[in-house]
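Participant: Attaching a predicted model along with its sequence, questions to come.
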Amino acid sequence: MKTTKYYLAAITAYTIWGFFSLVLKPIHEYPSLDILFNRVFSCSILMVLIVFIFKRKTVIETIGIFKALSKAEKRKTLLLNFGGSFFLMANWFTFIYVMNHVSVKATSLAYLVCPILTTLLAYFLLHEKLSKTQWISVGLSVSGCLLLSYTNIMDMVFSIVIGLTYAAYLVSQRVNKGFDKFIILTFHISLAGLVLLPFYPVYSGPVPTEFKFYFCIETIAILFTIFPLFLNLYALSGLNSSTVGMLLNINPMIAFALAAFVFNEQISSLQILAYGIIFIAVLVFNSHHLFALRAKYLPVTKNT
């Protein structure tokens, strides 16, 4: 039961991300790179300001921790954090491009593929163990994804690219321990901003003048980037990356519902069946925790 707070952090993060299309679709007429530039720059500025005002002591402590590491540990830490920043940049760009220029359903499929890729990467790279029940859950997820890609193989191709970048981020940050999570996230996003900065004058479009654009960008930066990413890193400090990855299915299930009921994308009975299978897979994968919750609260219910 000590893991409940980490489950809640992951569930909250992925529920928020499920509604991402509500603020991304209104600015779909803007180039994907412009959205990416403004998102990353806004996040970087906000987080650096927060760190400068409220967490200067933590920065000094973090530097001290890093200096005390051995050379091998320093190399590993640098690799994890530079790599984490790269994976985030790649994931954001491909996600924005596919959502605005392919379909919302394709991005939903990406975050259904991501848990499978995360589980496989965690198993082979981190040697995380899975129970037979959890492997059954992975099999259910695979079958659901195959059903979804049956009629559109290109959706699956785009989805694997998006999913792999975030799966790599999750697995890399699972072993990135010993540092303040907000400082780590600030480093990832600020580094992404510095890398993108030289490309901004060359690849950016005209400077947007609509209030709608900047309102959506700031909403994306605060509510759909900084907050859920911090919760995501917090969840990884107490849960296996495969567990956090499987909970990621919450995101596309919400996005799928929005695609059907808000954006009026055509939905088939096959897709409904596939998402139903994947929803069952999430329950099966986390059944041990669900049974633990039931065992804790059911006796209270009986007594009352």
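Facilitator: Received it, and whenever you're ready, just let me know what you need. Residues are numbered from 1 along each chain as shown.

Participant: Going by C-alpha atoms from here, please, whenever you check contacts or count neighbours.
Facilitator: OK.

Participant: Can you report how many residues lie near residue 39?
Facilitator: Residues near residue 39, counting by other CA atoms under 10 Å, number 23.

Participant: Residue 43 too?
Facilitator: Using other CA under 10 Å as the criterion, residue 43 is surrounded by 22 other residues.

Participant: check contacts around it.
Facilitator: Residues in contact with residue 43 (CA atoms under 8 Å, 6 or more residues apart in numbering) are 189-190, 221-222, 225-226.

Participant: Any figure for the gap between it and residue 24?
Facilitator: Summarising the geometry, the distance separating residue 43 from residue 24, computed by CA to CA, to the nearest Å, is 16 Å.

Participant: now do residue 114
Facilitator: Residue 114 is 20 Å from residue 24, where distance means CA to CA.

Participant: which of the two has more neighbours?
Facilitator: In this comparison of residue 114 against residue 24, neighbours counted by other CA under 10 Å, the higher total goes to residue 114 at 26 against 19.

Participant: State the distance from the closest residue to that one other than its chain neighbours to residue 9.
Facilitator: Excluding its sequence neighbours, the residue lying closest to residue 114 (CA to CA, 6 or more residues apart in numbering) is residue 163, at 4.1 Å. Computed with CA to CA, the distance linking residue 163 and residue 9 is 20 Å.

Participant: Those two - which one has more neighbours?
Facilitator: Remark: of residue 163 and residue 9, residue 163 carries more neighbours, 28 against 21, as counted by other CA under 10 Å.

Participant: The more buried one contacts residue 113, correct?
Facilitator: Yes - with contact defined as CA atoms under 8 Å, residue 163 reaches residue 113; the gap is 5.9 Å.

Participant: Where does pLDDT dip in the chain?
Facilitator: When residues are selected by pLDDT under 70, those of the chain lie in 1, 104, 151, 289-304.

Participant: change it to 80
Facilitator: 1-2, 99-100, 102-109, 111, 148-153, 286, 288-304 (pLDDT under 80).

Participant: Mind naming the longest helix for it?
Facilitator: Secondary structure assigned by DSSP state H gives helix 71-101 as the longest helix of the chain.

Participant: For that helix, name the packing helices and strands.
Facilitator: Using 3 or more CA pairs under 8 Å, 6 or more residues apart in numbering; DSSP states H and E as the contact test, the elements touching helix 71-101 are helix 21-24, helix 32-54, helix 104-121, helix 153-174, helix 181-196.

Participant: redo that, cut-off 10 Å
Facilitator: Here helix 71-101 touches helix 21-24, helix 32-54, helix 56-67, helix 104-121, helix 153-174, helix 181-196, going by 3 or more CA pairs under 10 Å, 6 or more residues apart in numbering; DSSP states H and E.

Participant: between these, which gets nearest to residue 268?
Facilitator: helix 104-121 (11.6 Å; CA to CA).

Participant: Show me which positions of that closest one end up buried.
Facilitator: Neighbour-count burial for helix 104-121, with 16 or more other CA atoms under 10 Å as criterion, is recorded at 104-121.

Participant: In space, not sequence, find me the middle residue of this protein.
Facilitator: In the chain, the centroid-proximal residue (CA atoms, centre = their mean) is residue 166; its distance is 6.1 Å.

Participant: Excluding chain neighbours, give the residue nearest to that residue in space.
Facilitator: With CA to CA, 6+ apart as the criterion, residue 166 has its nearest non-adjacent residue at 6.0 Å, and that residue is residue 91.

Participant: isn't that neighbour right next to residue 158, touching?
Facilitator: No - shown here, residue 91 and residue 158 do not form a contact pair, counting by CA atoms under 10 Å, at 11.2 Å.
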